[in-house]
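Asks: structure for this input, please:
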Amino acid sequence: MQEIEIMKFPQELIPLSLPKGSKMYQTKDCLVVSNKKNDKHHLVISNAERYPTMDEIRAVRNKLLPKDITVVMIISSEKEAVNINEKGYHLWEQ
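Replies: Predicted coordinates for the structure are as follows:
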C-alpha cells in the first residue's frame, strides 16, 4: 500500500463555507476535506488537474478514517453534485 504524508491545515485557514467541524488536509497532490454528518464520516479527496488515483484514495482513507468502518464512494447525478472541485470524489461511511 502507498505511504502518504498528510499535512493538516490550521483551523483558521478552513473556509467558513465548509460544514462546521470540517478539517482540511494536503497531501503531495491532493486536497482533502473531512467532516461528520449525522455521526457518519465524510471524506472528499480532489486534485485540481486530474482525478485522484485509487491508490491515493485508499491511502488517505486508511490514514484519516477508522480502520473498522466501511466507506462507499457515491457518484451523484450532475444536477445533484455539489463539489468544490469537479475532479474530486466523496467517501461516505456506510
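Asks: dig out what the residue nearest the centre of the chain forms beta bridges with.
Replies: Nearest to the geometric centre of the chain sits residue 44, at 2.3 Å (Cα atoms, centre = their mean). With DSSP bridges applied, residue 44 shows beta-bridge pairing to residue 33, residue 90.
Asks: what does the pLDDT read for it?
Replies: For residue 44, the pLDDT comes out at 92.
Asks: thought it was touching residue 92?
Replies: No: in this structure, residue 44 is not within contact of residue 92 by Cβ atoms under 8 Å, at 10.0 Å. Every C-beta, even on glycine, is put in place using the N, C-alpha and C of the backbone.
Asks: got the residue ranges for the strands in the protein?
Replies: 7-8, 23-26, 31-37, 40-46, 71-73, 88-93 (DSSP state E).
Asks: stretch 87-94: which residues count as buried?
Replies: 88-91, 93 (16 or more other Cβ atoms under 10 Å).
Asks: what stretches of the chain score poorly on pLDDT?
Replies: Applying pLDDT under 70 to the chain picks out residues 1-2, 76, 78-85.
Asks: recalculate using a threshold of 90.
Replies: 1-7, 9-21, 37, 48, 74-88 (pLDDT under 90).
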